[in-house]
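1. Please find the sequence and the predicted model below.
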Amino acid sequence: MNKNNFWQKTNHLEIFLIFLFILCVLWYYLIPTERTLHEQLLHLTFIGFSGMNFWSFILVAIQSYVWGYIFLGL
C-alpha cells in the first residue's frame, strides 16, 4: 500500500467516525427515549466519557480520531 494512500484512507475513516459520533450526540438530544442506555454505551466505549457535556464531546472526538489510526494500522 502506498504511504500517501494509507494516510488518505485513515483520514477518511477518522472523519467518518467523528461524523458517527456527532450523529449519536444529535440522536441523544433529538430522540429522548433510551437516553440512559445511550449514555451507558458511550461510557463503556470511550475512555473518560463522563456524560453529555462539552469536555466529553471533545474527548470522544479525539479518541474517535485516534481509534481510526489504531484500527486501520492493524
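-> Yep, that arrived.

2. what about the helices in this protein?
-> Listed in chain order, the helices of the chain (DSSP state H) span 3-30, 35-45, 54-73.

3. and those helices, which is most packed in?
-> helix 54-73 (a mean of 15; mean count of other CB atoms under 10 Å). From N, CA and C alone the C-beta is placed, and that goes for glycine too.

4. Check the nearest residue to A61 once chain neighbours are set aside and give its pLDDT.
-> Leaving aside its chain neighbours, A61 sits nearest to I18 (5.5 Å; criterion: CB to CB, 6 or more residues apart in numbering). Predicted confidence (pLDDT) at I18: the value is 85.

5. Tell me which residues touch I18, please.
-> A61, S64, Y65 (CB atoms under 8 Å, 6 or more residues apart in numbering).

6. same deal with C24?
-> With CB under 8 Å, 6+ apart, C24 has these contacts: H38, L42.

7. repeat that with 10 Å
-> Listed by CB atoms under 10 Å, 6 or more residues apart in numbering, the contact set of C24 reads H38, L41, L42, T45, M52, V60.

8. from what I can see the fourth one touches L20, true?
-> Meaning T45. No: using CB atoms under 10 Å, T45 is not in contact with L20, being 11.2 Å away.

9. list residues touching both of these two?
-> S64.

10. Might you list the low-confidence residue ranges for this structure?
-> Within the chain, the segments meeting pLDDT under 70 span 1-3, 73-74.

11. Grab the most central residue of it for me.
-> Residue closest to the average C-alpha location in the chain (CA atoms, centre = their mean): S64, at 3.8 Å.

12. And that residue, how close does it get to T33?
-> From S64 across to T33, the span is 24 Å (CB to CB, to the nearest Å).
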